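model this:
(one chain, ligands or ions: 1)
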Amino acid sequence: MKKVKKAVIPAAGFGTRFLPITKSVCKEMLPIVDKPTLLYIVEEAVASGIREILIVTGRNKKSIEDFFDYTPELDAVLEETKQREFLDLSKKMENMADIYFVRQKHPIGFADAVLYAKPFTGDEPFAVMLGDDIIYTEKGCRPGIRQLADAYEQTGKTTVAMMRVDDADVSKYANVKGHALSERLFAIEQIVEKPRVEDKFSNDAVIGRYVVDATIYDMIAQTPVSSKGEIYFTDSLGLLAREGNLLGYRFEGVRYDAGNKLDFLKANIEFALRDPALGEGLRAYLKELSGKIS
Ligand code: G1P
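Sure thing, here's the model as predicted:
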């Protein structure tokens, strides 16, 4: 079976939920502790053996390109002042992956962004990773997108990440109907984008990790435009489901929604608590704070 070697990260959105900061700082560069959210996604890909990454950007996203570029002025200062640790960090960002960029001319949605990847992926399968979804996995556990890539490489079928959600959250995600093939793998029969809770198939939501076959491009081409004037990627996946060619994988790990302010704050706190340099101090502060909160 073909190996998954490429990833596509749609990053053209305006980030309106984070206004006013997103007037001039793109949402992918907002930090979780000291790293931009986008770096968590790129690191997950690289840790999964995926080093060729296409980021689909738009206007106002120049800082993303700068971040992965080399920084001669900064590096010279770090070298001169013998700040070896920071210099290594700077070099690491520069060399961690082969990153390609393309601009989505009109940010008209996720499926359209994926179409821009065709010259990059050709006939190969590829990962699609949404920047708002951050997946934390413990040491020893495969990174999120690796779990899906393994399922794809074993079955040859497009595989999406699945997570259980409460009724209150059903309408935030694509929702699926399927049957279990094993503890974590599901055959998806139907999928619908953000249903009302009364119309849900199940409490299984799809989050922003997908490993897709190149047939996805034909599926997108065949997908009718929704009533909102957008082609939904989920509807294209639905065409695969109808043919019996869509799998769901209940991934192992903790997922944060970096596109939501409260979850973004929680992610910052939890990642900082796991950070050896910050954890102890923050834990003490939170304990002190909790005594003061009514
Ligand atoms: C997108 C997808 C949706 C998916 C979600 C996961 O929605 O369209 O199917 O469940 O990501 O985070 P968004 O949150 O970008 O509106």
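
what about the strands in the stretch 101-250 of the chain?
126-129, 133-136, 158-164, 174-180, 185-192, 204-212, 246-250 (DSSP state E, counting those that start in this stretch).

need the next SSE after the last one, C-terminal direction.
In other words, strand 246-250. Next helix or strand after strand 246-250 toward the C-terminus (DSSP states H and E): strand 254-257.

any residue of that next one up close to the ligand?
No - on the criterion C-beta under 6 Å from any ligand atom, strand 254-257 is out of touch with the ligand, staying 6.5 Å away. In short, each C-beta sits where N, CA and C put it, glycine included.

so which elements touch that strand?
Strand 254-257 is packed against strand 133-136, helix 261-274, with contacts defined by 3 or more C-beta pairs under 8 Å, 6 or more residues apart in numbering; DSSP states H and E.

direction included, what does it pair up with?
Note on strand 254-257: by DSSP bridges, its sheet partners are strand 133-136 (antiparallel).

re the thing from before, let's have the strands of the stretch 101-250 of the chain in a markdown table, adding mean neighbour count and mean pLDDT.
Formatted as a markdown table, those follow (neighbours: other C-beta atoms under 10 Å; pLDDT from 0 to 100):
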| stretch | mean neighbour count | mean pLDDT |
| --- | --- | --- |
| strand 126-129 | 27 | 98 |
| strand 133-136 | 22 | 97 |
| strand 158-164 | 24 | 97 |
| strand 174-180 | 18 | 97 |
| strand 185-192 | 20 | 97 |
| strand 204-212 | 25 | 97 |
| strand 246-250 | 23 | 98 |
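
of all those, which lies closest to the ligand?
In terms of C-beta to the nearest ligand atom, the element of these nearest to the ligand is strand 174-180, at 3.3 Å.

the closest one vs the ligand: in contact?
Yes - judged by C-beta under 6 Å from any ligand atom, strand 174-180 comes into contact with the ligand through Ala174.

so which elements touch that strand?
Taking 3+ C-beta pairs under 8 Å, 6+ apart as the contact cut, strand 174-180 packs with strand 158-164, strand 185-192, strand 204-212, helix 233-242.

now the angle between strand 246-250 and the second one, please.
In this case it means strand 185-192. Interaxial angle of strand 185-192 relative to strand 246-250 (axes from the mean of the first three to the mean of the last three C-alpha atoms, to 10 degrees): 110 degrees.

nice, that's everything, thank you.
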